[in-house]
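Participant: Prediction below, plus the sequence it came from.
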Amino acid sequence: MCGIVGYIGQRDSVPIILDSLARLEYRGYDSAGIAVINEQGLRGSKSVGKLARLVSLLHDDPLHGSIGLGHTRWATHGRPNDVNAHPHLDCSGSIAVVHNGIIENYAELRERLKAQGHRFVSETDTEVISHLIESHDKGDVVEAVRRTLAELRGAFGLGVISSKDPSRLIFARNGASPLIVGVGENEMFVASDIPALLQYTRETVVIQEGEMVVVGSDGYKLTSFEGAPIERKALRITWNAAQAEKSGYKHFMLKEIFEQPSVVKETLAGRIDEDYDVRLEPELGSIDDELLRSISKICITGCGTAYHAGMVGMYLLRSLVGLPVEMELASEFRYGDPVVDPATLVLAISQSGETADTIEAAKIAKGRGATLLGVCNVVGSHLTRLDDGTLYTRGGPEIGVAATKTYTAQVTAMILAALHLARVRGTVPPQRLREIARATSLLPAAVDVVLNESDRIKRIARTMSEAQSVLFLGRYINYPTALEGALKLKEISYIHAEGYAAGEMKHGPIALLDRRTPVVAVVTSGHVREKILSNVAEAKAREAPIICVAHADDADVADIADEIIPVPRVDPLLAPIVNVAPLQLLAYHIADFKGCDVDQPRNLAKTVTVE
Ligand code: M6R
């Protein structure tokens, strides 16, 4: 989605803004722009395409100024082109606006402003904002922005500068469009995502819904849209700039896949005690043991990869806690009359904590009296302010659009949540819970073993990169592993892929199979191993090339598979963490062979803040 950055201080804002925009490229965009204020007034440059094009324009026609705004646009209203790129100006060319989100009533505002004589040049909804501010500007731009905010409908994050008031930047947020102020020494930064700030400061203030912030080089003033002052101290974030660098890897995605052993370790740290009991009480806020003993149902929601992590959670919770567990995509949950009540625990899973559908689902759940547990990677994000308790995944910044390490961290969090609930509710003998917790603590080493197979997987990937379509099969707790493997492949390599519960094959998808359609099956130990082996045999009988994620010593798999990607034996309930890594690597190497833009696949955004 769109990215916003702003700078005010003693330095030239242009290199800082371009550097920060580069750090937001991973979020997906189709054009970029910048506006600064200098002795000549408001000046800017913008261009369709990658940031490199804007950089080259600025090389030929340089800009400078110690206050400025930058933007990467992901088109919603109006095609990606130079004119529709942000910033957007008013008629006088003194006000510049950058904007994320959608102004729902832009058409009616545009008609009104046109009737008043305002001239529009773009097809965007954003342009109404600069003209509206101009129409309200009676010499106090902050007041003009305030009046403008009162007229805008929709979800947005926006940034404004005016050459009539060159000592401050103004930002406002309504809905799921993150904005974070970074506090420096006599300089201030603003960005829509943390990685854009890490180079400069780790002291941050998260702007919340319905808030406006006026930023000068020596500080910030936070208020409600109506002007009521809000006190919020800066929060020091633990992520560091090195985590958002490629560190010698060809792509962020590859680096993030290889970070998984340490991410699992980090997510477990301090949560399993010396007796191997999982204890999450200190972090779960009001979700205490008494409340957990009183719930009668669990509902899990999220989007994309987070949804798949939730599915693993569903199997874990059913197995260990024995409660009814429902799983629903957040985009369906919000419109599907969900049956949740005060006796329901809703788990909302989101890496970013800003995904519009997940946030809306979480609000609906809260509105119906359910207890909301957020599972989230970003401290202070929208989800973490809505929920009753947050179980943080500790994945660090994930720059590749394809979620990898944060998926593993989410599945780790699901294991912890299930072990915690099972202990509190006494649904599994303590000895068995401790056995699982101990096995969980050994997972980082097991994932490491799988990552050592990268070269073998690369060789398999070379053959598979010719495929038009690939089927991923799994059963039970590895059904979501198959879904996740298929999602990874399609999103970064653009090869059609389906994840299927293997038992469903003969109810339709088996018709797709022939010798050109590889089948990737997850066949590891557990009560469904023999069942899925039979499903793989059915695929083999249709001449499909068979690639199995399996144990090296499984003779039955060796008989049937064309290729085996060996994975270590772990407790079957924990296997999704180990089994997904080869599928991530397979997708990565296939996409790399095909020359795809692995970290920024076409049409995708890292965080989907629109519905
Ligand atoms: O930030 P979230 O976890 O809420 O994002 C949800 C999905 O958009 C996300 O998991 C998406 O499916 C992945 N980037 C795909 O790899």
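Facilitator: Okay, I see it.

Participant: drop to CA atoms for contacts and neighbour counts, all remaining ones
Facilitator: Noted.

Participant: Please list the residues of the stretch 401-550 of the chain that sit near the ligand.
Facilitator: For the stretch 401-550 of the chain, the residues found near the ligand under the criterion CA under 6 Å from any ligand atom are 401-403.

Participant: how about a cut-off of 5 Å?
Facilitator: Proximity of the stretch 401-550 of the chain to the ligand (CA under 5 Å from any ligand atom) is limited to residues 402-403.

Participant: just the strands in the stretch 401-550 of the chain please.
Facilitator: In the stretch 401-550 of the chain, the strands defined using DSSP state E, counting those that start in this stretch lie at 469-474, 496-501, 519-523, 546-550.

Participant: out of these, deepest packed?
Facilitator: Among the strands of the stretch 401-550 of the chain, the stretch with the highest mean neighbour count (mean count of other CA atoms under 10 Å) is strand 519-523, at a mean of 28.

Participant: what's next to that one, contact-wise?
Facilitator: Under the criterion CA atoms under 8 Å, 6 or more residues apart in numbering, residues 470-475, 478, 481-482, 529, 532-533, 536, 539, 544-550, 557, 579 lie in contact with strand 519-523.

Participant: picking that back up, now mean pLDDT too, for the strands of the stretch 401-550 of the chain, in a markdown table please.
Facilitator: Written out in a markdown table, the entries for the strands of the stretch 401-550 of the chain read as follows (pLDDT from 0 to 100):
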| stretch | mean pLDDT |
| --- | --- |
| strand 469-474 | 97 |
| strand 496-501 | 96 |
| strand 519-523 | 98 |
| strand 546-550 | 98 |
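
Participant: roughly how far apart are the residue of the stretch 151-300 of the chain found nearest the ligand and Ala52?
Facilitator: Per CA to the nearest ligand atom, the residue of the stretch 151-300 of the chain with the smallest distance to the ligand is Met253, at 10.1 Å. From Met253 across to Ala52, the span is 21 Å (CA to CA, to the nearest Å).

Participant: Compare neighbour counts for the two and give me the winner.
Facilitator: Remark: of Met253 and Ala52, Met253 carries more neighbours, 25 against 13, as counted by other CA atoms under 10 Å.

Participant: quick one: which helix or strand includes that one?
Facilitator: In this structure, Met253 sits in helix 252-258 according to DSSP states H and E.

Participant: Let's verify Asn81: helix, strand, or coil?
Facilitator: The assignment at Asn81 comes out as coil when based on DSSP: H, G, I helix; E, B strand; the rest coil.

Participant: I'd say it and Ser31 touch.
Facilitator: Yes: between Asn81 and Ser31 a contact is recorded at 7.0 Å, counting by CA atoms under 8 Å.

Participant: any residues in contact with both of the two?
Facilitator: Common contacts of Asn81 and Ser31 (CA under 8 Å, 6+ apart): 47-49.

Participant: Most neighbours among those, which one is it?
Facilitator: Neighbour counts for the shared contacts of Asn81 and Ser31 peak at Ser47, which has 24 neighbours (criterion: other CA under 10 Å).

Participant: list the contacts for it?
Facilitator: Going by CA under 8 Å, 6+ apart, Ser47 touches 31-33, 53-54, 81-83, 85.

Participant: For these, work out which two are farthest apart.
Facilitator: The largest separation in the contacts of Ser47, counting by CA to CA, is between Arg53 and Val83 at 14.6 Å.

Participant: Those two: which has the busier surroundings?
Facilitator: Shown here are Arg53 and Val83; by other CA under 10 Å, Val83 has more neighbours (18 against 15).

Participant: Next, the nearest residue to that one once chain neighbours are set aside: phi, psi?
Facilitator: If the residues on either side of it in the chain are set aside, Val83 comes closest to Ser122, at 5.7 Å by CA to CA, 6 or more residues apart in numbering. Main-chain dihedrals, Ser122, degrees, to the nearest 10: phi -110, psi 170.

Participant: swap in Ala107?
Facilitator: With angles defined as degrees, to the nearest 10, Ala107 sits at phi -60, psi -50.

Participant: how about the residues of the protein that lie near the ligand?
Facilitator: The interface of the chain toward the ligand, taken as CA under 5 Å from any ligand atom, is made up of 303-306, 350-352, 355, 402-403.

Participant: Using TSV, lay out those residues together with secondary structure and neighbour count.
Facilitator: Conversion of the residues of the chain next to the ligand to TSV gives the following (DSSP: H, G, I helix; E, B strand; the rest coil; neighbours: other CA atoms under 10 Å):
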residue	secondary structure	neighbour count
Cys303	coil	23
Gly304	helix	15
Thr305	helix	26
Ala306	helix	25
Ser350	strand	32
Gln351	coil	29
Ser352	coil	23
Thr355	coil	24
Ala402	coil	28
Ala403	coil	22
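
Participant: ok, and what's touching stretch 288-306?
Facilitator: Here stretch 288-306 makes contact (CA under 8 Å, 6+ apart) with 281, 307, 310-311, 314, 323-331, 333, 340, 342-351, 355, 357-358, 361, 403, 407, 410, 421, 424-425, 484, 487.

Participant: Out of these, which sit inside helices?
Facilitator: Within these, residues falling in helices by DSSP state H are 307, 310-311, 314, 330-331, 333, 357-358, 361, 407, 410, 421, 424-425, 484, 487.

Participant: Of all the residues in the stretch 1-150 of the chain, which one is nearest the ligand?
Facilitator: Counting by CA to the nearest ligand atom, the stretch 1-150 of the chain gets nearest to the ligand through Arg27 (9.6 Å).

Participant: related to what we said a few turns ago, tell me the one of the residues of the chain next to the ligand nearest Ile37?
Facilitator: Of all the residues of the chain next to the ligand, the one sitting nearest Ile37 is Ser352; the distance, using CA to CA, is 32.4 Å.

Participant: Beta-bridge partners for the closest residue to Val522 other than its chain neighbours, please?
Facilitator: Here the nearest residue to Val522 in space, its sequence neighbours aside, is Val549; by CA to CA, 6+ apart that works out to 4.8 Å. When bridges are taken as DSSP bridges, the partners of Val549 come out as Val522, Ile565.

Participant: Asp562 is in contact with Val549, correct?
Facilitator: No: the pair Val549 and Asp562 does not pass the contact test of CA under 8 Å, sitting 11.3 Å apart.

Participant: which of the residues in stretch 24-43 are buried?
Facilitator: 24-38, 42-43 (16 or more other CA atoms under 10 Å).

Participant: now do stretch 164-180
Facilitator: Taking 16+ other CA under 10 Å as the criterion, stretch 164-180 shows 166-180 as buried.

Participant: Lowest-confidence one in these?
Facilitator: Among the buried residues of stretch 164-180, Ala176 has the lowest pLDDT, at 66.

Participant: and Ser247, what pLDDT?
Facilitator: What the model reports as pLDDT for Ser247 is 81.

Participant: what's the distance between it and Pro397?
Facilitator: Taking CA to CA as the measure, Ser247 falls 14 Å from Pro397.

Participant: contacting residues around stretch 251-260?
Facilitator: With contacts defined as CA under 8 Å, 6+ apart, stretch 251-260 is touched by 245-247, 249, 398-402, 404-405, 408-409, 444, 447, 451, 581, 584-585, 588, 598-599.
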